[in-house]
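*Asks:* Test case, fold it:
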Amino acid sequence: MRDLVILGAGTAGTMVANRLRRRLPRREWRITVVDHEVAHLYQPGLLFVPFGGGKAQKLVKPRRRSLDSGVDFVVGDVDRIEPAARLVHLADGHRLDYDFLVIASGTQPRPDQTPGMLGDLWRKSIHEFYTYDGAIALREALEGFARTGGRLVVHIVDMPIKCPVAPLEFAFLADAHLRALGIRDEVEITYVTPLPDAFTKPVAAATLGSMLTDRKILLETDFLVEHIDGEARELVSYDERRIPFDLLVTVPLNMGADFVARSGLGDELNYVPVDRHTLRSKAYDTIFAIGDAADLPTSKAGSVAHFAADVFVANFVRLARGDPMTESFDGHANCFVEAGDDKALLIDFNYDTEPLPGTYPLPAVGPLRLLRATRLNHWGKLAFAWLYWHVLLPGRPLPLPAEMSMAGKRRPKEE
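*Replies:* This is a model prediction of the structure:
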């Protein structure tokens, strides 16, 4: 019996476990998934919680329910990995042997890494929406802020972060929410980013930047926060710029799991360096990293986990047979971007091609539009929750190729 151990039962870990359980012979392979949480959280839904969208409890389901019955599920904290011995040490003293290891432990917001963030204002005037408790607390804070108005600052500490468009989405939704309440004129919204523009790639940055301008949302770029001055209620950058706030919605520094660092397998942010096409560790042939846990030069988003899982599973089945891995992941990602007023954009890109306008997934037909806000895109984002629970997590096939296609896309100069 050979052992495949997967560390993390989030999006990537669950998809990989379920797909491989159907592809690998049960008499030859034991699959074990380890996670310290028993609940699975649908993270894209957190964006809507602060604005009263939906019931927050519907975003959470038992992890065991999402895993194939033939997958062993261990609830526990990972202390460290011993790669040379092919061992995973758990915090309670138990050890797991493996023939192959998949690190799918994701990334987490770390407010403790920014001086002043976890001060007296935390969860009072300083909030985040990347955790369940944080989104609930922010909903309550927004209700109070709507009665007083003031300066709302949406802020990113540094990249990379989970779902890099989510802070922009929050700014657009906040603008629409405050307009609906009739108090938008009493609120100044500022979007603060460490990037030189609203987004990382020029075509999408131009579109998203103009959307900020149209909504009278101020844009502060190249802002690297040094600390938060709680007494003055100001963000302070390394170049001594100061941005005052009454309500700060921040995206803390994101980091991979601490056990990755303790195992000597991570970079400075605890992400596992991997071959960007095969997801295999650059240090050990028996270790792979997938999803947000890997140092891939693309978005940390659920779509990346999905497309990467397609490639990884096909490759691992070949590897298990003793054959070479022939599939190559191209960094494919696509993300809906909520624009407010029940509209959204869609972006589709990979390692080499930036988000471009056009139609998706079919040329001309679409029905989804790229880099254009439409109601259909918005409904597509909402409908994705059903697909997530009933198709993606169980590992059922979704009729979208893992490799990005240029079909339906056009460069602006061609318009």
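*Asks:* going forward, measure contacts between C-alpha atoms and count neighbours the same way
*Replies:* Fine.
*Asks:* End to end on stretch 239-259, go ahead and measure it.
*Replies:* One end of stretch 239-259 sits 34 Å from the other (CA to CA, to the nearest Å).
*Asks:* Contacts only, for Ala104.
*Replies:* 6-10, 12-13, 289-294 (CA atoms under 8 Å, 6 or more residues apart in numbering).
*Asks:* Next step: those residues restricted to strands.
*Replies:* Among the contacts of Ala104, DSSP state E puts 6-7, 289 in strands.
*Asks:* just to revisit the earlier point, most widely separated two among the contacts of Ala104?
*Replies:* In terms of CA to CA, the contacts of Ala104 reach their longest pairwise distance at Ala9 and Ala294, which sit 15.0 Å apart.
*Asks:* Show me the strands in the stretch 51-200 of the chain, by range?
*Replies:* Under the criterion DSSP state E, counting those that start in this stretch, the stretch 51-200 of the chain contains strands at 60-62, 72-75, 78-82, 87-90, 95-97, 100-103, 108-109, 126-127, 150-156, 187-192.
*Asks:* Could you give me the buried positions within the second one?
*Replies:* The reference is to strand 72-75. Across strand 72-75, burial judged by 16 or more other CA atoms under 10 Å covers 73-75.
*Asks:* One more: the fifth one?
*Replies:* Under the neighbour-count criterion of 16+ other CA under 10 Å, strand 95-97 has Asp97 buried.
*Asks:* Would you mind pulling up the elements that that strand packs against?
*Replies:* strand 87-90 (3 or more CA pairs under 8 Å, 6 or more residues apart in numbering; DSSP states H and E).
*Asks:* burial of Asp352, as a residue count?
*Replies:* Applying other CA atoms under 10 Å, we find 9 residues neighbouring Asp352.
*Asks:* List the contacts of it.
*Replies:* With CA under 8 Å, 6+ apart, Asp352 has no contacts at all.
*Asks:* Leu7 against Phe100, yeah?
*Replies:* No: counting by CA atoms under 8 Å, Leu7 sits too far from Phe100 to count as a contact (11.2 Å).
*Asks:* still on that earlier bit, which one of the ones in strands among the contacts of Ala104 is nearest to Asp341?
*Replies:* After measuring the ones in strands among the contacts of Ala104 against Asp341 - CA to CA - the closest member comes out as Ala289, at 38.0 Å.
*Asks:* wait, the closest one sits on Val272?
*Replies:* Yes: using CA under 8 Å, Ala289 is in contact with Val272, at 6.5 Å.
*Asks:* shared neighbours of the two, which are they?
*Replies:* By CA under 8 Å, 6+ apart, the residues touching both Ala289 and Val272 are Ser281.
*Asks:* Identify the residues contacting stretch 187-201?
*Replies:* Residues contacting stretch 187-201 (CA under 8 Å, 6+ apart): 149-159, 165, 168, 171, 175, 205-206, 208-209, 216-224, 354-355.
*Asks:* So which of those belong to helices?
*Replies:* Taking DSSP state H, the ones among the contacts of stretch 187-201 that sit in helices are 168, 171, 175, 205-206, 208-209.
*Asks:* Next one: Ile228 from Phe170, what distance?
*Replies:* 21 Å.
*Asks:* Could you pull out the buried residues of stretch 223-238?
*Replies:* Of all the residues in stretch 223-238, those buried under the rule 16+ other CA under 10 Å are 223-230, 233-237.
*Asks:* can you check stretch 205-213 too?
*Replies:* 205, 208-209, 211-212.
*Asks:* could those residues be laid out in CSV, adding pLDDT and distance to Gly266?
*Replies:* As requested, the buried residues of stretch 205-213 are exported to CSV (pLDDT from 0 to 100; distance: CA to CA, whole Å):
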residue, pLDDT, distance to Gly266
Ala205, 94, 30
Leu208, 97, 33
Gly209, 96, 34
Met211, 97, 37
Leu212, 98, 36
